[in-house]
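**Q** 3D, please:
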Amino acid sequence: MSSETIESIPLVSIVIPVYNGGQYMREAIDSALGQTYPNCEVIVVNDGSKDDGKTEAIAMSYGDRIRYFSKPNGGCGSALNVGIANMRGDFFSWLSHDDAYVPHKIAHQIALHQSAGNPDAIVFCGYELMDATSKRTGDMRPHAVLKKSQLETPMLPLLRGLIHGCALLIPRKYFDKMGSFNEALPTTQDYDLWFKFFREAPLIYDEQLLVRSRVHPAQDTHRKWHQHIAECNELWTGFLHKLTDEEMTRMEGSPYRFLTRTAKFLAETPYSEAKKKADELAAERLARTKISIIMPFRDRFPWAIEAMQSVKSQTHTNWELVMVDDGSSTPCIDLGEAAEADSRIRYVLQTPKGPAAARNNGIRHATGQYIAFLDSDDLYEPQKLEKQLQFMEENLCSLSHTSYQRMTTAGELLEVIHSAKLNGNIFPAVIGTCTIAMPTVMGKKEVFQTLSFPENNEIGEDVCLWIELSAIHRWGGLDSSLTRVRISDQSSAFNPQKQVIGLLNIALYCMRHQHLAVHSTWINRLVAAASRTLEIPPETVATENLPTVEPAKTPEFITDTIEAEIRVDKHHPLDVIYKIPEKVSKELGRAVRKIRKAVSG
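**A** Numbers count the residues shown, from 1 in each chain. So this is what the prediction gives:
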């Protein structure tokens, strides 16, 4: 390659700091001089070696093929700084005197840098491990630990211990702008500087192993082990305090998740003090998160007081309870006094509008980052809020629900319902089979800002909202029984009339909304379930000639027979009026009339 051509490509300065390098430095220098990239300068800095001149003799033997500097001993950082101060290159590449490059290290990284089209990017790669005899003993492949997108997330690979200083290619601008290595840090000067660079620099990761890193007993981290551990604890603790919420969120999705994952990473290291600090900061972060609990009620004061007490018993204490009185027949003195005695309890009174309107009203009054729900006849287990919040933060959930345990009206515990097995992307299947219980749901406040409970239904209104939210969000399912749900023969799950009304309310809600109506197969299952439910109390509803609904008939069935309208009389919530179009089949018409007859008694 001509001199003119060489001058047209970036100059890379390979800086080799060395102290007592007689055993390994020749291999390092040879690997630097053997690079296939044609425009490199090799700078060797002797950090005051005390080996009877062996290090200097080896360096001098290369003549003008290298640029050689000698200085009093000051540590690796000081030697690197001499190299940086004297480098002429556009890029810096560090090579420890006991390590080596593969021949195309520089050429490959320059090509990656140029193809990326971002002059500010820092390039890094994985590396091989070798012993004192240069025998390969293993390798470090960062992409086996994190995805490529994560490896190119600023700071994340550094804070997961995946950066080897010799595997980097760094534009000179970062030294000019941010300075060089802290010479007061004998063993952590590299991560200290990379932290400053990586907060600003775009990253380019390459899977190739371009460096051979030697592990041997004479290294500083082995000779100065106790000092190294103390330095690392201080370094990592400093990182945790310096990081912003935005940086932590960019790396792991939320500050809490970043802190818990960092604590997990540090648990695999000797840096116990830093690990303890990460745990403390994570706990503090969780404790600062406020949860608004929406609890509508109308009369049934003893149960409402019991539900309130279950909230007051929560291990997560940063909550507010928004109690929405949906027009109780008389005021409850005990609830009023409780609200006055605890600033976290808020009492909201409204005229009777039904539970959906009460919940929507409660959401409007909520001030927490998260919204949770509690029916006045149900109870939270003491760790409900803490465990569910922790689960959501760790799994980056905007919306979640848990399993629950049923109990009788007298509080006798029954079976656990593992409803949380319904999780992930549950749309559109959730239309036909929704097992999510109201008091198990928690979501970020913004989830409930654009969608609300449909107020024209008093049965099935919660499922309608869960369906709408499922079309937008993935559900986190925590299979722990954290709520007690009271049941009776009047519960929708056990009262056939209420169950049928709920199923048809949900079906008709879906049919009135185009983005839901297209999922007719699942809507058809609701109608079929309503038909089957009519067979439960034969003494109440005759079951002859009920239609059998097959999924294959769904489009015609939905279009031609389920255009009925439901109107709920707000004063008589179970008085459901069905207007049956003429084209409704005779069989379904009889079934719907039987439903109405069963409801009206």
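**Q** rest of the way, CA atoms for contacts and neighbours
**A** OK.
**Q** shaky segments in the protein?
**A** Scanning the chain for pLDDT under 70 picks out 1-7, 218-223, 491-494, 534-601.
**Q** Next, the buried residues of the helix ranked longest in it.
**A** Counting by DSSP state H, the longest helix found in the chain is helix 225-242. Neighbour counts over helix 225-242 (16 or more other CA atoms under 10 Å) mark His228, Ile229, Glu231, Cys232, Asn233, Leu235, Trp236, Thr237, Leu240 as buried.
**Q** Just send those residues back as a markdown table, with distance to Gly77 too.
**A** Listed next are those as a markdown table, based on distance: CA to CA, whole Å:
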| residue | distance to Gly77 |
| --- | --- |
| His228 | 14 |
| Ile229 | 18 |
| Glu231 | 14 |
| Cys232 | 16 |
| Asn233 | 19 |
| Leu235 | 15 |
| Trp236 | 18 |
| Thr237 | 21 |
| Leu240 | 23 |
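**Q** quick one, what contacts Phe181?
**A** By CA atoms under 8 Å, 6 or more residues apart in numbering, Phe181 lies in contact with Gly77, Ser78, Leu80, Asn81, Gln189, Asp190, Asp192, Leu193.
**Q** tally of neighbours for Arg410?
**A** For the record, residue 410 is Ala, not Arg. Neighbourhood size, Ala410 [other CA atoms under 10 Å]: 9.
**Q** Helix, strand, or coil at Thr153?
**A** coil (DSSP: H, G, I helix; E, B strand; the rest coil).
**Q** Excluding covalently adjacent residues, which one is nearest to it?
**A** Leaving out its chain neighbours, the residue that sits closest to Thr153 by CA to CA, 6 or more residues apart in numbering is Met251, at 6.3 Å.
**Q** from memory the one you found sits against Leu156, does it?
**A** Yes: using CA atoms under 8 Å, Met251 makes contact with Leu156 at a distance of 5.7 Å.
**Q** who touches both of the two?
**A** Common neighbours of Met251 and Leu156 (CA under 8 Å, 6+ apart) are Gln150.
**Q** can you give me the strands in the stretch 51-200 of the chain?
**A** 67-71, 91-94, 100-101, 122-130, 136-140, 168-171 (DSSP state E, counting those that start in this stretch).
**Q** what packs against the fifth one?
**A** Spelled out, that is strand 136-140. Applying 3 or more CA pairs under 8 Å, 6 or more residues apart in numbering; DSSP states H and E, we find strand 136-140 packed against strand 122-130.
**Q** try the shortest one
**A** Identification of packing neighbours for strand 100-101 by 3+ CA pairs under 8 Å, 6+ apart yields helix 25-33, strand 203-214.
**Q** So Ile497 lies in a helix, does it not?
**A** Rather than Ile, residue 497 is Gln. Yes: assessed by three-state DSSP, Gln497 belongs to a helix.
**Q** any idea how far it is from Ile459?
**A** According to CA to CA, to the nearest Å, Gln497 and Ile459 sit 11 Å apart.
**Q** same thing with Ile229?
**A** 62 Å.
**Q** ok, now which ones touch the nearest residue in space to Cys125 that is not next to it in sequence?
**A** Residue nearest to Cys125 in three dimensions, not counting chain neighbours: Asp206, with 5.0 Å by CA to CA, 6+ apart. Counting by CA under 8 Å, 6+ apart, Asp206 makes contact with Val123, Phe124, Cys125, Gly126.
**Q** Can you work out which other helices and strands pack against the helix or strand that Ala338 is a member of?
**A** Here Ala338 sits within helix 333-341, counting by DSSP states H and E. Packing partners of helix 333-341 (3+ CA pairs under 8 Å, 6+ apart): strand 345-350.
**Q** Whatever helix or strand comes next after the strand it packs on vs strand 345-350, what angle?
**A** The first helix or strand that comes after strand 345-350 along the chain, using DSSP H and E, is helix 355-365. Angle, helix 355-365 to strand 345-350, by axes from the mean of the first three to the mean of the last three CA atoms, to 10 degrees: 130 degrees.
**Q** what's the spacing between the spatially closest residue to Ala357 that is not a sequence neighbour and Ile29?
**A** Nearest non-adjacent residue to Ala357, counting by CA to CA, 6+ apart: Glu455, 5.5 Å away. For Glu455, the distance to Ile29 equals 77 Å [CA to CA].
**Q** And the two? Which one has more around it.
**A** Ile29 (28 against 19).
**Q** thinking again about what came up before, can you list the residues that contact the helix holding Ala338?
**A** With CA under 8 Å, 6+ apart, helix 333-341 has contacts from Ile305, Ile345, Arg346, Tyr347.
**Q** Kindly report the same for stretch 272-288.
**A** Contact with stretch 272-288 is made by 233-234, 236-237, 240, 255-257, 259-260, 262-264, 266-267, 316-318, 389-390, as judged by CA under 8 Å, 6+ apart.
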